[in-house]
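Asker: Give me a model of this one.
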Amino acid sequence: MANRFLERLSTGPPLVADGGMGVLVSSAAPRVRIPEEANLRAPETVVKLHVGFIQAGADVIETNTFGANRRKLAARYLEDELLDINSAAVKLAREAREIAGRDVFIAGSIGPLGEGGVAKQERLEIFAEQAAVLEGRGVDFFSVETFFELEELEAAIEAVRGVSSLPILAMLTFDAGAETLSGVTARQAVDRLSELGVAAAGANHGAGIQAALAALSEMGGNGLPLAAMPNIGLASMAGNRIIYPHASPEYFAEFAAHARSLGARVIGGCCGTTPTEIAAIASAVKEERVPSAPLVFAEREVIVAVPEHREETELARAFREQEWVLSVQIDPPLGGSYAGMLDVVRTLKESGNVGLVDINDNATARAAASALMLSVEIERTVGVETIPHLTTRDATIMGLESQLLGAHACGIRNVLSVTGDPPEVGDYPGSRGVYEIDSIGLTQLMARLNRGEDYNGRAIDAATSFYIGVAVNPAADDLDTELERFRQKVDSGAHFAMTQILFDLEYMDRFVERLGGEWPIPVLVGIFPVWSHQLALRLHNEVPGIVVPDRVLNALRDAGPNANEVGMKLGRSLLAEARAHGNGAYVVAPFRRPLGILDALA
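Answerer: As a prediction, this is how the structure comes out:
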């Protein structure tokens, strides 16, 4: 028997879909944890919103189930109510249809899982579970929508197909250039979705009307019915509220005219759209409105520069020519001036013993001046090459990418990737770190930038030439985990490594033996000439990953007021011994008296 939705999709005027249910539910029922919970806690609100869209002229309403999969519900401790939430959603949509007295189609809304790192089989099971409930309660077709990754959308389609034969409307989110976050073009997407046999494909959510129309213009000509359901525009924050632009109904009427001319058979809205905008779309469709002006999609002019020859850093050259490398590790100032630190670096340079400086990034979770910006100033004004540390604790992926691109434009090439100490160990016990990625993810990000693409695989205007460093701890408590993570860092694109501070270099021998007998990349050994027994105790007992042997603790204790001399002597001894274990060393300078490190280098 022919499907009623498929018949209507191919005949008559375009179907008008509803608008942004999730945002409206959250506003009307503010006590619910997620919009889908309102199906059980505030059902009258959901019905009222559905009725509002139907009365505005919608031919299609979506169930309030966009995020009602097991994984998303579990994040709000609602996974045990999955069956009830999805079942109620269909029941409420059917009730609204009866109240409004119009025979509209009910689409079972299925959204993405919202996070990476989910195995395909688990994805399939999660999507199939939700789809089975929605079909069993009587939806007319599925709207698999707002996917940012084509691969995940393909998994959702496969899962739905495994439990249902109902038609599928599949929609991705595109940017203004008609590409997904991972760089899949709208043309590539529609061609792939056509192969999968979906009933219709299109663009929803995203950066607004113009982005959706740009995607439609790329999708046309494939023969597959198209759909456009964009956000009202770019959202902003006002206190704790999400605010959307005040797009006029006329703007949406014109959008509907353009969407229809580009082949859209389903036209509606997403976040921020209300019955007012849907009424404007319905009116334009009914009147068979013609666009008042042609669409012009101006392409952004970019130059993707992937240099054939990348300038080698002094650090890379020294490693390549097997020269001994010596760096001094310093902490940025806690105030708003680099002047004193620049004087320190000048003195280190004049000593003739120091080739580079590496710079901590908010070490021990204490806010200081930016390591990347200090590195720029040092290289420009003092002429000493730097290795700034960059932690994933303090910025999102977007923020990290922005910092890296800016630093590269200013000449920074060596960067050490670190995850960072948790905020509770420092000056901000009430705050939480960002940690969207760890040091392995940051290594992957820099490697992608070097290939001329961003974190999601989209081309950037100019490729970078980062010389990527990673941390390794041969004295780690869990050596198996440390070995595995180090291998992942190397596989992700690391060029060199810097060890955790070591007081016994036999740890390096044991670690490299587990690696297979040799280091896969050059390594700098961490040396800390401690100046007191108290400092050594704190390092051993309070700083994760650092082991201070009893013989060192005892020697510093027995030295009493002469502990500084003993610590410096130990530092010089370790520095000499490090030549047999690595390609160089970095020596930690005292925080308040950084030039004191020259005693250990004499």
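Asker: Report the separation between Lys349 and Gly596.
Answerer: Using C-beta to C-beta, to the nearest Å, Lys349 is found at 16 Å from Gly596. C-beta here means a position set from N, CA and C on the backbone, and glycine is covered the same way.
Asker: show me where pLDDT drops low in the chain?
Answerer: 1-2, 115-117, 233-247, 296-310, 424-431, 591-592, 600, 602 (pLDDT under 70).
Asker: Would you mind giving the domain segments of it?
Answerer: With automatic domain parsing as the criterion, the domains of the chain are listed as 4-286, 314-530+572-601.
Asker: right, and Ile278 touches Gly268 too?
Answerer: Yes - counting by C-beta atoms under 8 Å, Gly268 is a contact partner of Ile278 at 6.6 Å.
Asker: Tell me which of these two has more neighbours.
Answerer: Neighbour count, other C-beta atoms under 10 Å: between Ile278 and Gly268, Gly268 has more, with 33 against 28.
Asker: Spit out the contact partners of the closest residue in space to the more buried one that isn't next to it in sequence.
Answerer: Nearest non-adjacent residue to Gly268, counting by C-beta to C-beta, 6 or more residues apart in numbering: Ala17, 2.7 Å away. Counting by C-beta atoms under 8 Å, 6 or more residues apart in numbering, Ala17 makes contact with 58-62, 107, 227, 229, 266-269, 278.
Asker: again, only this time at 7 Å
Answerer: Ala17 is in contact with Ala58, Val60, Met229, Val266, Ile267, Gly268, counting by C-beta atoms under 7 Å, 6 or more residues apart in numbering.
Asker: Secondary structure element for Ala170, which one?
Answerer: Assigned by DSSP states H and E, Ala170 belongs to strand 168-172.
Asker: Partner strands of that strand and their direction?
Answerer: Its sheet considered, strand 168-172 pairs with strand 141-147 (parallel), strand 200-205 (parallel) by DSSP bridges.
Asker: mind putting the ones you listed in CSV, distance to Ile54 and mean neighbour count included?
Answerer: Formatted as CSV, the strands paired with strand 168-172 follow (distance: least, C-beta to C-beta, whole Å; neighbours: other C-beta atoms under 10 Å):
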stretch, distance to Ile54, mean neighbour count
strand 141-147, 16, 26
strand 200-205, 19, 28
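Asker: Quickly list what the residue nearest to Gly268 is bridged to.
Answerer: Under the criterion used (DSSP bridges), Ala17 bridges to Val60.
Asker: do the same with Val472
Answerer: Thr499.
Asker: ok, now which ones touch the residue at minimal distance from the centre of the chain?
Answerer: Against the mean C-alpha coordinate of the chain, by C-alpha atoms, centre = their mean, the closest residue is Ile397 at 4.4 Å. Listed by C-beta under 7 Å, 6+ apart, the contact set of Ile397 reads Glu436, Ile437, Tyr455.
Asker: ranges for the helices of the stretch 351-500 of the chain?
Answerer: Secondary structure of the stretch 351-500 of the chain, counting by DSSP state H, counting those that start in this stretch: helices at 371-381, 397-409, 439-450, 479-492.
Asker: Mutual contacts of Ile278 and Gly268, please.
Answerer: Counting by C-beta under 7 Å, 6+ apart, the common neighbours of Ile278 and Gly268 are Val16, Asp18, Gly19.
Asker: wouldn't the first one be in contact with Gly269 here?
Answerer: No - Val16 lies out of contact with Gly269 (C-beta atoms under 7 Å); the separation is 9.8 Å.
Asker: which of those two has more neighbours?
Answerer: A count of neighbours by other C-beta under 10 Å puts Gly269 above the other of Val16 and Gly269, at 31 against 25.
Asker: so Ala100 sits right up against Ile54, yeah?
Answerer: Yes - Ala100 is within contact range of Ile54, at 3.9 Å (criterion: C-beta under 7 Å).
Asker: still on that earlier bit, distance to Pro544 for the domains of the chain - can I get that in CSV?
Answerer: Output for these, formatted as CSV (distance: least, C-beta to C-beta, whole Å):
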stretch, distance to Pro544
domain 4-286, 25
domain 314-530+572-601, 8
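Asker: Pick the most buried one from these.
Answerer: domain 4-286 (a mean of 21; mean count of other C-beta atoms under 10 Å).
Asker: that older thread, any idea how far Glu312 is from the residue nearest to Gly268?
Answerer: 56 Å.
Asker: Show me where the stretch 301-450 of the chain has its strands.
Answerer: 325-330, 356-359, 385-391, 414-418 (DSSP state E, counting those that start in this stretch).
Asker: So for Asn562, which of those strands sits nearest?
Answerer: strand 325-330 (23.8 Å; C-beta to C-beta).
Asker: by contact count, what packs against that closest one?
Answerer: With contacts taken as 3 or more C-beta pairs under 7 Å, 6 or more residues apart in numbering; DSSP states H and E, strand 325-330 sits against helix 314-320, helix 339-351, strand 356-359, strand 584-588.
Asker: For the third one, which strands pair with it and how are they oriented?
Answerer: Taking DSSP bridges as the criterion, strand 356-359 pairs within the sheet with strand 325-330 (parallel), strand 385-391 (parallel).
Asker: Work out the gap between the longest one and the centre of the chain.
Answerer: The reference is to strand 385-391. Average the C-alpha atoms of strand 385-391, do the same for its chain, and the two points are 21 Å apart (C-alpha atoms, centre = their mean, to the nearest Å).
Asker: returning to that earlier point: I'd like to know which of the strands of the stretch 301-450 of the chain is closest to Ala365.
Answerer: Proximity to Ala365, assessed across these by C-beta to C-beta, is greatest for strand 385-391 (9.1 Å).
Asker: how far off helix 397-409 does the closest one point, in degrees?
Answerer: Put simply, strand 385-391 runs at 170 degrees to helix 397-409, going by axes from the mean of the first three to the mean of the last three C-alpha atoms, to 10 degrees.
Asker: can you give me the helices in the stretch 151-300 of the chain?
Answerer: Under DSSP H, counting those that start in this stretch, the stretch 151-300 of the chain gives helices at 186-195, 209-219, 249-261, 275-286.
Asker: Just send the ones you listed back as JSON lines, with distance to Ala201 too.
Answerer: Below are the helices of the stretch 151-300 of the chain laid out as JSON lines (distance: least, C-beta to C-beta, whole Å):
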{"stretch": "helix 186-195", "distance to Ala201": "4"}
{"stretch": "helix 209-219", "distance to Ala201": "7"}
{"stretch": "helix 249-261", "distance to Ala201": "14"}
{"stretch": "helix 275-286", "distance to Ala201": "19"}
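Asker: Can you check which of the ones you listed gets nearest to Leu342?
Answerer: Leu342 lies closest to helix 209-219 among those, at 45.8 Å (C-beta to C-beta).
Asker: Tell me which residues are up against the closest one.
Answerer: Outside helix 209-219, the residues that reach it (C-beta under 7 Å, 6+ apart) are 174-176, 178, 185-187, 190, 201, 203, 206, 226, 228, 230, 255, 258-259, 262-264, 295, 297.
Asker: If we use 6 Å, what do you get?
Answerer: 174, 176, 178, 186-187, 190, 203, 226, 228, 230, 255, 258, 262, 297 (C-beta atoms under 6 Å, 6 or more residues apart in numbering).
Asker: do stretch 266-282 as well
Answerer: Stretch 266-282 has contacts (C-beta under 6 Å, 6+ apart) with 14-20, 23, 52-53, 56-58, 204-205, 227-232, 244, 249, 252-253, 256, 259.
Asker: what's the answer for stretch 52-60, then?
Answerer: Counting by C-beta under 6 Å, 6+ apart, 15-18, 61, 100, 102, 104-105, 107, 275, 278-279, 282 sit against stretch 52-60.
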